[in-house]
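**Q** pasting a predicted model and its sequence here:
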Amino acid sequence: MRWRKLLLLSLPMAALLLSAFFNGARASINDNVRGRAFNPLYGLISFNCLDDDFAGRFPFTFTFRFNVPACSLSQHGVHLDADDNFSGEAWNPVLGFIDFAPAVAPPDNYAFNVNCLNQCNAANQCTACYNENDQRVYGWGRVVVDGRWIELNSTIVPQTTMTNYLAPQPGIFSGYASSTFGSISFNCSNDSSCATEDYKVWLWKLELKEMSGPNWSFSEACTGGARKAVFKWLRRSGTQTAYRVVINTTNSTSSPVFDSGKLGGSATQLVCPGPMCAFTPTYNTSYYWWLQLWNENDEPTEYFQFDTNTFGVLTDNIAGNATANPVNPNLTFTTYRHEFPTPYFTWSPFEILVGTSTEFVSSSSYYTTASPSTSFPCVGLACQYQWTASDAAAQILASTSATTSIIFANIRPQTVTLSVTDTDLYTCSMTTPVLTINFQLPIWKEVKAE
């Protein structure tokens with residue numbers, strides 16, 4: 001009983017000592033980098049106090065052992081922001097805090113900044129960045145207590161990298177950094193040591209990199225109809241176990257025109273209309289859309305809104321989007337005004353002979369905003385035409401007319417294509433099957449023997 005009282009009396013003093021040593025003030029729950037790196041001389045380096053384990057994980061200098069909640073005494077964490085620049089602090093029991101955005105110029109005087117996609121220099125007190133293109137980590141971290149530097153873009157192979165949003169599981173660090181006290185490994189898979197010490201550094205939060213729409217191109221509208229949209233997204237990091245897509249014609253998630261509800265899985269797109277979506281877009285309409293994701297703990301994110309000012313990407317009908325919704329064009333995508341033109345043509349004679357003229361006649365149709373799903377024959381200026389042949393030697397006598405003649409100069413198999421464009425500049429094409437061009441047979445004339 002006496003030792004328990006002694007322990008209770010000792011805890012406040014221990015907390016005071018620890019608080020004096022762990023002088024970080026960052027709230028780790030807001031930092032998106034987690035895990036531990038490893039140095040052969042000093043052991044594990046914690047990138048987020050959420051992963052600290054004082055009960056045996058790190059060396060002790062106290063005469064007794066006790067468990068404390070993560071981050072209660074040491075609030076440290078490293079963060080990778082939207083510009084892919086690092087900040088915050090890691091921690092090691094011997095080294096103390098390691099600052100990833102010190103107010104001191106690094107040894108290369110910010111020369112590493114040429115490898116950063118965004119500004120990372122003295123102006124914004126940045127000494128480390130991530131390049132999404134080559135998935136490399138560049139720059140420096142600094143040991144606070146003695147000023148020793150850690151070089152992230154070192155010559156040790158493999159160099160420090162992080163899988164980006166194009167990977168099945170983004171946000172995983174690997175490779176090595178270097179320092180005067182030896183290499184620092186960011187993943188036990190670097191040297192196949194995971195069975196001995198299972199450590200890694202990773203982006204732990206389920207974060208979004210990109211949303212895009214409508215992802216329905218001219219060629220897709222020509223073959224699959226104009227009333228369709230594909231809602232796509234890419235994760236920056238984290239694990240997705242479910243998703244939800246909300247679509248509306250107003251800038252509100254209330255009373256939407258479509259709500260998928262929570263759908264399980266790691267899908268990165270929703271096709272409408274499709275097996276998981278009963279919604280069919282309306283012609284010439286601007287749509288807002290939102291995305292919600294769930295992580296491996298079945299915890300939902302907030303609603304992410306499609307917004308081209310942040311991470312939204314407008315993929316098709318860009319001109320139509322701005323025209324149809326001048327108020328919030330960055331928050332919407334706009335569907336096509338009507339169906340696309342239907343090109344069609346015939347030719348005669350059907351058997352094509354080299355060096356002779358073959359007539360090609362269009363009987364195409366088009367659609368209008370007033371009658372978006374009703375076709376009309378192309379007459380007058382309603383349609384523009386463009387005839388092409390796969391053989392550049394073919395002579396096309398009227399390449400922009402509804403009717404043309406083509407003289408083929410070679411007998412090799414060829415094709416002919418007609419592209420039809422309506423008054424809204426929607427274009428579709430039709431191509432013939434491979435045509436066989438024959439020689440003209442000689443004229444046989446029976447001659448009476450003399």
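**A** Looks like it arrived, so ask away.
**Q** what about the helices in the stretch 201-350 of the chain?
**A** 218-224, 318-324 (DSSP state H, counting those that start in this stretch).
**Q** other residues contacting the last one?
**A** The one in question is helix 318-324. Judged by C-beta atoms under 8 Å, 6 or more residues apart in numbering, the contacts made with helix 318-324 from elsewhere in the structure are 284-286, 314, 329, 332-334, 336-337. For glycine as for every other residue, the C-beta is placed from the backbone atoms N, C-alpha and C.
**Q** by neighbours, which of the residues you listed wins?
**A** Within these, F333 tops the neighbour count with 31 neighbours, counted by other C-beta atoms under 10 Å.
**Q** which residues are in contact with that residue?
**A** 213-214, 229, 286-287, 289, 306, 314-317, 321.
**Q** from the centroid of this structure, which residue is nearest?
**A** Residue closest to the average C-alpha location in the chain (C-alpha atoms, centre = their mean): L234, at 4.2 Å.
**Q** ok, what's across the strand from it?
**A** Partner residues in beta bridges with L234, using DSSP bridges, are E210.
**Q** what's the answer for T417, then?
**A** T417 forms beta bridges with T388, T431, as assigned by DSSP bridges.
**Q** which one of the contacts of helix 318-324 is nearest to N39?
**A** L314 (46.0 Å; C-beta to C-beta).
**Q** so what pairs up with the closest one in the strands?
**A** G213.
**Q** quick revisit: now the contacts of F333 in TSV, with pLDDT and distance to C71?
**A** Output for these, formatted as TSV (pLDDT from 0 to 100; distance: C-beta to C-beta, whole Å):
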residue	pLDDT	distance to C71
G213	97	39
P214	98	44
A229	98	43
S286	97	45
Y287	98	42
W289	98	36
F306	98	35
L314	97	41
T315	97	42
D316	96	46
N317	95	48
N321	92	45
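**Q** just put those residues in a markdown table and tack on distance to W149.
**A** Formatted as a markdown table, the contacts of F333 follow (distance: C-beta to C-beta, whole Å):
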| residue | distance to W149 |
| --- | --- |
| G213 | 45 |
| P214 | 48 |
| A229 | 50 |
| S286 | 52 |
| Y287 | 50 |
| W289 | 46 |
| F306 | 42 |
| L314 | 43 |
| T315 | 43 |
| D316 | 48 |
| N317 | 50 |
| N321 | 48 |
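**Q** domains of this structure?
**A** With automatic domain parsing as the criterion, the domains of the chain are listed as 22-203, 208-334, 345-438.
**Q** list the contacts for the residue nearest to the centre of the chain?
**A** 165-166, 208-210, 268.
**Q** what of N215?
**A** By C-beta under 8 Å, 6+ apart, the contact set of N215 is 229-232, 269, 315-316.
**Q** and those residues, which is closest to T368?
**A** Looking across the contacts of N215 and measuring by C-beta to C-beta, the closest to T368 is D316, at 20.2 Å.
**Q** which of the helices of the stretch 201-350 of the chain comes out lowest on mean pLDDT?
**A** Note on the helices of the stretch 201-350 of the chain: helix 318-324 shows the lowest mean pLDDT, a mean of 91.
**Q** am I right that E302 is in contact with L293?
**A** No. Contact between E302 and L293 fails when scored by C-beta atoms under 8 Å: they sit 9.5 Å apart.
**Q** so the two - more neighbours on which side?
**A** Under the criterion of other C-beta under 10 Å, the comparison of E302 against L293 puts L293 first, with 23 against 9.
**Q** what residues are up against that one?
**A** 206, 208, 235, 240, 242-244, 300-301, 304.
**Q** nearest to N153 among the contacts of helix 318-324?
**A** The shortest approach to N153 among these belongs to L314, at 34.4 Å (C-beta to C-beta).
**Q** what's near enough to touch the closest one?
**A** 212-213, 308, 321, 333.
**Q** so which of the helices of the stretch 201-350 of the chain gets nearest A195?
**A** helix 218-224 (48.9 Å).
**Q** ok, and for the closest one, which residues are buried?
**A** Across helix 218-224, burial judged by 16 or more other C-beta atoms under 10 Å covers 218, 220-222.
**Q** follow-up on the earlier one: distance to P256 added to the helices of the stretch 201-350 of the chain, as CSV?
**A** CSV is the format used below for the helices of the stretch 201-350 of the chain (distance: least, C-beta to C-beta, whole Å):
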stretch, distance to P256
helix 218-224, 24
helix 318-324, 19
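**Q** out of the ones you listed, which is closest to S399?
**A** With C-beta to C-beta as the criterion, S399 lies closest to helix 218-224 of the helices of the stretch 201-350 of the chain, at 20.4 Å.
**Q** average pLDDT across stretch 84-94?
**A** Mean per-residue pLDDT for stretch 84-94: 94.
**Q** how far does it sit from the chain's center?
**A** How far stretch 84-94 lies from its chain's middle: 27 Å, per C-alpha atoms, centre = their mean, to the nearest Å.
**Q** just the CA atoms of it, as PDB, please.
**A** Extracted in PDB, the C-alpha atoms of stretch 84-94 (Å, rounded to 0.1, in the frame of the first residue of the first chain):
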ATOM      1  CA  ASP A  84       3.000  19.100 -50.300                       C
ATOM      2  CA  ASN A  85       5.200  21.000 -47.900                       C
ATOM      3  CA  PHE A  86       6.200  19.500 -44.500                       C
ATOM      4  CA  SER A  87       6.000  21.100 -41.100                       C
ATOM      5  CA  GLY A  88       5.900  20.000 -37.400                       C
ATOM      6  CA  GLU A  89       8.200  17.900 -35.300                       C
ATOM      7  CA  ALA A  90       9.200  14.300 -34.900                       C
ATOM      8  CA  TRP A  91      10.700  13.000 -31.600                       C
ATOM      9  CA  ASN A  92      13.300  10.500 -30.400                       C
ATOM     10  CA  PRO A  93      14.200   9.800 -26.700                       C
ATOM     11  CA  VAL A  94      17.900  10.600 -27.300                       C
END
